[in-house]
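Enquirer: kindly return the folded structure for what I paste below:
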Amino acid sequence: QVQPVESGGGLVQAGGSLRLSCAAPRRTFSSYVMGWFRQAPGKEREFVASIRRDGSSTYYADSVKGRFTISRDNAKNTMALQMNSLKPEDTAVYYCAPGGRIVTIPLPEFASWGQGTQVTVSS
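Expert: Predicted coordinates for the structure are as follows:
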């Protein structure tokens, strides 16, 4: 496995919840942070959340703060994103990727993006 594998997306009504998962190679997972990013149709990819390698700190975009929770399991090289109180504007393809000291962007050299997982929130 070279690319991260995202899963857990689906169709949900506004106000509902989903839990996304990311499985990444150990080398990828050992980066300073691991993050979730999303891309809606016609829009640029944007930062959602990230978590430090040791899990000591988490970071969130203002648009998801208080609704989403990021976590990781270093023993399994997996990461999760619990998404509650979903809104139609959360509709996007969600990706996981490694990051560095700038915790809101993926590593510039990272090119092994997975296929992502589609999240669709109906109003």
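Enquirer: from Ala61, how far off is the residue nearest to the spatial centre of the chain?
Expert: Residue closest to the average C-alpha location in the chain (CA atoms, centre = their mean): Trp36, at 2.1 Å. Distance of Trp36 to Ala61, given as CB to CB, to the nearest Å: 9 Å. C-beta: built from backbone N, CA, C; applies to glycine.
Enquirer: same check, this time on Gln118
Expert: The value you get for Gln118 to Ala61, if CB to CB is used, is 19 Å.
Enquirer: mutual contacts of Trp36 and Ala61, please.
Expert: Common neighbours of Trp36 and Ala61 are listed as 48-49 (criterion: CB atoms under 8 Å, 6 or more residues apart in numbering).
Enquirer: which parts of the protein are helices?
Expert: Assigned by DSSP state H, the helices in the chain fall at 26-29.
Enquirer: in it, which spans are strands?
Expert: With strands called from DSSP state E, the chain shows them at 5-7, 10-13, 18-23, 33-39, 46-52, 58-60, 68-73, 78-83, 92-99, 117-122.
Enquirer: re earlier: of Gln118 and Ala61, who's got more company?
Expert: Shown here are Gln118 and Ala61; by other CB atoms under 10 Å, Ala61 has more neighbours (16 against 13).
Enquirer: check the burial of Asp73 by counting its neighbours.
Expert: Asp73 has 13 neighbours, counted by other CB under 10 Å.
Enquirer: an error on my part: the question was meant for Leu20.
Expert: As a burial measure, Leu20 scores 25 neighbours (other CB under 10 Å).
Enquirer: pretty sure it sits against Thr78.
Expert: No. Using CB atoms under 8 Å, Leu20 and Thr78 do not qualify as a contacting pair, with a distance of 10.8 Å.
Enquirer: partners of the residue nearest to the centre of the chain in the sheet?
Expert: Beta-bridge partners of Trp36, counted by DSSP bridges, are Ala49, Cys96.
Enquirer: who touches it in this structure?
Expert: Taking CB under 8 Å, 6+ apart, one finds 20, 22, 48-50, 70, 79, 81, 94-96 in contact with Trp36.
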